[in-house]
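**Q** got a predicted structure plus its sequence, pasted below:
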Amino acid sequence: MREQKNISFKIDWLLILLYVLIVGLGYLNLYSSDYQASVDGTSFIDTTFGRQLIWIAASFFIAFIIMLVDTVVFSMFSYVFYVIVLSILFLVFVFGVATHGARSWLEIGDFKIQPSEFAKFATALALSRFISVNGFKLKFNNLLNIAISVGIVFFPILLILLQPDVGSAMVYVAFIFVFYREGLPGIVLWYIFLMTVIFVLALVVNLTALILAITIVSLVFLYFELKNKKHIVRSVIVLLSVFSLFYFVVVLFSLKFELTYIILVSISVWTIYMLISFAGKRQPSVIIVIGFLFSGLLVQFMTDIAFHKILQPHQRSRIEVLFDNTIDPKGIGYNLRQSKIAIGSGGAIGKGFLKGTQTKLDFVPEHNTDFIFCTVAEEWGFRGTVAFFILYAMLLFRIVFKAEKQISPFSRIYGYSVVSILFIHFFVNIGMTIGLLPVIGIPLPFFSYGGSAMLGFTVLLFIFIKLDTEKDLKL
Amino acid sequence: MALVKSNKAYAILIIVFLTMIIYLLKIASLQLFENNYSLSADNNAIRRVIEYPARGLVFDRNNKLLVYNKPIYELMVQPNRLSDFDTIELCDVLKIPKALLIDNLQKAKDYSRHKSSQVYGPIDQESYIILSEKMYKYKGFYLQTRFERIYPLSIGAHVLGYLREVDKEIVDSSSYYIPGDIIGVSGIESTYEQYLRGKKGVHYYLVDAVSRIVGSYKDGKFDTSAVVGMDIISSLDAELQVYGELLMQNKRGAIVAIEPSTGEVLAMISSPGFDPNMLTSTKLRDNYSTLVLDEDRPMFNRAIGSATSPPGSTFKVVDALIGLNEGVITTETVIPCNGGFSVGSHVVGCHHVGGVNFYHSISGSCNSYYCEVFTRLIRNPKYGSFENAYRNWYNQLQKFGIGRKIGIDLPGEYAGVLYTADRFNKKHGVGKWGPFRIISLAIGQGELGLTALQLANIAATVANRGYFYVPHLVKKIIGLPNIDSTYLKKNYVDIDSNYFTAVVEGMEQVVIFGTAANIYLPELSQCGKTGTAQNPHGDYNSVFISFAPKNNPKIAIAVYVENGGYGSVTAAPIASLMMEKYINDTTSRPYLEEYMISKNLMNRGERTDR
């Protein structure tokens, strides 16, 4: 008795309130999105919102169970969970049911379960356990541990990619934030960010222009980093003279040598010059910039090759429509355009509950799963969207605050895992719906229709809420 | 008090925060600043319903109905609105097996879940009435009425044409047609498609959240009503057409009858033919391939689509006119025949004795006479060379509409065969050919091929004494002031009308005591010219061109019958009966009529006599 009361005192009721609010609003939104079905006379239990209600009830029940389980269990059995879930993922690959070309479902009787939704919390637990024991400091003697940490994340990615379900696999990229919090230097995060930008730009802009841009950014960065400005000015002069000379030779003998290669050769000569002149002088920034320059160029060329040679046409077109929505408005671009129309039609104040026409009339495809946000934006307008964002931000911020308060590293790392996973879903799902990211089908937590996702996110969140009740405990 | 103790926690919070700000800015631009997205949404919530107009009717020149529309009923389905229904009851009403219904429903679902498609049709009227009362039970189904073409007289399949569903090519290249629309693909239905089809109407309805129509959009401000297709009065004479098709049964060939004073086609028969009702709506699917694969090619319009044989002696009419016009002969010219025209060792056979005069050359169809005329034409010193003389001759023939498309208002017209001088240069070598090399042309054989339409046009030109109107099948489009102006102007062949008078005399003698004296009927005052063309596949082809009466002609006609023998044997009697029927409205020679109708030439592909 005493202990029970104690727990209820320690529970973060604000987090639970946020959860109930988001789930409740998500349900109403789903109801509205598929309202048509009830009008058509489909029996309640056959509608998406009928089914979702069962899943929500199941989620509440499981959340309650989690609150009763001893905290130590999560830490102690984390590897066991991990192994079990990975085995199931493997089974899915072998026995799974294919939908939309991916084998990601396991059929048990009448129920279909998507194990990749449960792999998220299992991976989070295993990773928290491992890092909390071994740490994540970037040191030479810690390399093996770092490799294992990355491996824990990489295994489920591999299995999910085999299904293949690129969207679900991408979610695991979120763990980079966990690594960052636990010791990965900020510069690496920046580096990854910049490479992503180069990756995206390589898809859009002309190669030569991008090479020039990368070079110029590198030089400007170097200019501010180096104390001796003469050096950098001199090196630029070297770069330009090599380029001009080379260019002159090519033109003079009318050689068939592309401009791109002339620039690349000039950059290589410049690099050798820099390495010689800074040899022995401790200047890490020079190495960093040169590293950036070359890996940037590499990413750029790889992207170009990957995009045109490796990517399948339908995958390529998903990326292409992002940059030009006049391409094929009724085909690939159709989803995106309809989604934007639905959002745009919401205006400032929205059309009101059950009044949205775009999503209900099936103009927006996948309107109850991946594009569920359209209904929010259409029926509640910009006002409602801001409220929705605030609610979501409160949830994420609250978890970060709570994670920071944990004394046990295990709980803290797990908390960051939860935030990272929820955030990446939000980031990718909404980004796709509003046309800022390619169309990648992943659910919006607590809003999209789907039992596995509902249960998976609930378990993910409530394990943290449970851990938080005993934040003083050293796990 | 710091909420978090790590700088990295701040960094992560900032990333979350910035992402949300960027997303909100984008959403703000979609929702608050970009107008076109909310306008498109308007369109989405408005349902566009297309109203199909009735297609125009086609009448004959005496306002007899040739083509009209009959409603047919179809059961349609919109799969996403389906709910459970009594399959067995529905099948009972439709009188179809359950498997068929389920199969068709699956096809509809495979096509689209949101768009409607046909489940079953046509439904007979009785089922339609029963079903319309029960429709409330079948959610997602609805009944639709469409129209199918009916040809009450079952005539003129080649002239009237048929309809079919538009294919992807047409949909892609046109802004008017959408999949499922119907278009005319041959005959008048095709040529006058844009008048017959009318104009589709569009109605905009507001649709509520559950996709029900709640009213018209902006009080119908943007609605357009369908415009009924224009009716067409065709130039055909239904009775003559019926009679012609009867006469041509069991024969291969064609008849074209033209009113010379207007160029209106009174009858156009291509045999073997088919009943146009075979290709209406769903019957098209069943019969199309049968007709296309038939060895006798019943869908092919022989009257304009081919010059299956040379014109034979009918061509002498043109020879005579050009000869007179070029001055190489006069109506006084007498040319010795002596049973043939020798070209080296080759003799163009003939059967006259002694000298043949101009009129007799036509009425007796003298080969020698026209070989001489042709030789004189090509040797005419006025042109300096054979080649130039031939070019002149070629140009003159083109004026008659020979060797080119005349321009009738039907698709699939064939230009016929007429070699240019260059083509002969290529064939024989420059300067290596002269009148003898191509002497067959003189008697309408050799490198020459005319369609029945071109033959009829020659008859009409002679009837008019020097000009013709481009033959056409449409007399009036109701609602338009005029038909196309090309059909309203005289085309002169640039030959003096006096020469025509002489040729007409000769053609009259053909019928009175010449090669076609067997069909002489004094009150008709008919003028004609027989032709007999060699056919590599069996008996001669029988050809006849004619017009009547001699003064103020009412009808000009060309008949050709494959394997029909001499011109006077088959083609001339048929032409004569047709003309009598048209002019006198009745026929006076039941024995001849009976004989011609019962004559079967379909199996005369291999030569039996001679």
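**A** Sure, I can see it.
**Q** what parts of the stretch 151-300 of chain A come near chain B?
**A** With Cβ under 8 Å from any Cβ of the partner chain as the criterion, the stretch 151-300 of chain A meets chain B at residues A:177, A:180-181, A:186. C-betas here are computed from N, CA, C, even on glycine.
**Q** which of those has the largest number of neighbours?
**A** A:R181 (25 neighbours; other Cβ atoms under 10 Å in any protein chain shown).
**Q** that older thread, in helices, which of the residues of the stretch 151-300 of chain A next to chain B fall?
**A** A:177, A:180-181, A:186 (DSSP state H).
**Q** okay, those residues in JSON lines with distance to B:T333 and pLDDT next?
**A** Shown next, in JSON lines, are these (distance: Cβ to Cβ, whole Å; pLDDT from 0 to 100):
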{"residue": "A:F177", "distance to B:T333": "111", "pLDDT": "92"}
{"residue": "A:Y180", "distance to B:T333": "113", "pLDDT": "90"}
{"residue": "A:R181", "distance to B:T333": "117", "pLDDT": "90"}
{"residue": "A:G186", "distance to B:T333": "114", "pLDDT": "82"}
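**Q** B:G229: which of the residues you listed is nearest?
**A** Closest approach to B:G229 among those (Cβ to Cβ): A:F177, at 68.5 Å.
**Q** B:R146 - that's part of a helix, no?
**A** No: assigned with DSSP: H, G, I helix; E, B strand; the rest coil, B:R146 falls outside any helix and is strand.
**Q** now do the strands in chain A.
**A** A:97-99, A:102-108, A:111-113 (DSSP state E).
**Q** what's the model's confidence in the last one, averaged?
**A** This points to strand A:111-113. Here strand A:111-113 scores 73 as its mean pLDDT.
**Q** then the first one?
**A** For strand A:97-99, mean pLDDT rounds to 63.
**Q** could you do the longest one as well?
**A** Confidence over strand A:102-108 (mean pLDDT, whole number) is 67.
**Q** show the pLDDT at A:T357.
**A** So A:T357 comes in at 66 (pLDDT).
**Q** residues contacting stretch B:588-600, please?
**A** B:246-247, B:249-251, B:519, B:521, B:570, B:573-574, B:576-577, B:580, B:587 (Cβ atoms under 8 Å, 6 or more residues apart in numbering or on different chains).
**Q** and the ones in helices among the residues of the stretch 151-300 of chain A next to chain B as CSV, adding distance to A:L336?
**A** Shown next, in CSV, are those (distance: Cβ to Cβ, whole Å):
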residue, distance to A:L336
A:F177, 28
A:Y180, 31
A:R181, 34
A:G186, 34
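**Q** could you pull out the buried residues of stretch B:59-68?
**A** The neighbour-count check on stretch B:59-68 (16 or more other Cβ atoms under 10 Å in any protein chain shown) flags B:59-61, B:66-68 as buried.
**Q** can you check stretch B:351-360 too?
**A** B:352, B:356-360.
**Q** ok, stretch A:173-187 next?
**A** Quick answer for stretch A:173-187 (16+ other Cβ under 10 Å): A:174-184.
**Q** quick one: least confident helix or strand in the chain?
**A** In the absence of a named chain, chain A is used. For chain A, counting by mean pLDDT, DSSP states H and E, helix A:2-10 ranks last in confidence among helices and strands (a mean of 59).
**Q** was after chain B, sorry
**A** That would be, for chain B by mean pLDDT, DSSP H and E, helix B:35-45 at a mean of 53.
**Q** average pLDDT across the longest helix anywhere in chain A?
**A** Counting residues, the longest helix found in chain A (DSSP H) is helix A:373-405. For helix A:373-405, the mean pLDDT works out to 93.
**Q** what's the burial count for A:L298?
**A** With other Cβ under 10 Å as criterion, A:L298 counts 12.
**Q** got it, and A:L53?
**A** 16.
**Q** chain neighbours aside, what residue packs nearest to B:S235?
**A** Of all residues not flanking B:S235 in the chain, B:E264 sits nearest, at 3.5 Å (Cβ to Cβ, 6 or more residues apart in numbering or on different chains).
**Q** so what pLDDT did residue 361 get?
**A** Picked chain A for this. At A:L361, pLDDT is 50.
**Q** wait, chain B
**A** 90.
**Q** rewinding a little: just the buried residues of stretch B:351-360: which are in helices?
**A** B:358-360.
**Q** filter those residues by proximity to chain A?
**A** Counting by Cβ under 8 Å from any Cβ, no member of these reaches chain A.
**Q** now distance to A:Y27 too, for the residues you listed, in TSV please.
**A** TSV is the format used below for these (distance: Cβ to Cβ, whole Å):
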residue	distance to A:Y27
B:F358	104
B:Y359	104
B:H360	106
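**Q** show me which residues of stretch A:142-160 are buried.
**A** A:145-146, A:149, A:152-153, A:155-157, A:159-160.
**Q** what does stretch B:480-495 contact?
**A** B:195, B:230, B:263, B:321-322, B:324-325, B:396, B:399-401, B:407, B:409, B:461, B:466-470, B:472, B:474-477.
**Q** can you check stretch A:169-179 too?
**A** Contacts for stretch A:169-179 (Cβ under 8 Å, 6+ apart): A:120, A:123, A:127, A:131, A:136, A:149-150, A:153-154, A:156-157, A:160-161, A:184, A:189, A:192, A:413, A:416-417, A:419-421, A:423-425, A:428, A:440, A:442, B:12, B:15.
**Q** now, of those residues, which are buried?
**A** Applying 16+ other Cβ under 10 Å to the contacts of stretch A:169-179 flags A:120, A:123, A:127, A:131, A:136, A:149, A:153, A:156-157, A:160, A:184, A:189, A:413, A:416-417, A:419-421, A:423-425, A:428, A:440, A:442, B:12, B:15 as buried.
**Q** sorry, back to before: give me the buried entries from the contacts of stretch B:588-600.
**A** The buried subset of these (16+ other Cβ under 10 Å) comprises B:247, B:249, B:251, B:519, B:521, B:570, B:573-574, B:576-577, B:580, B:587.
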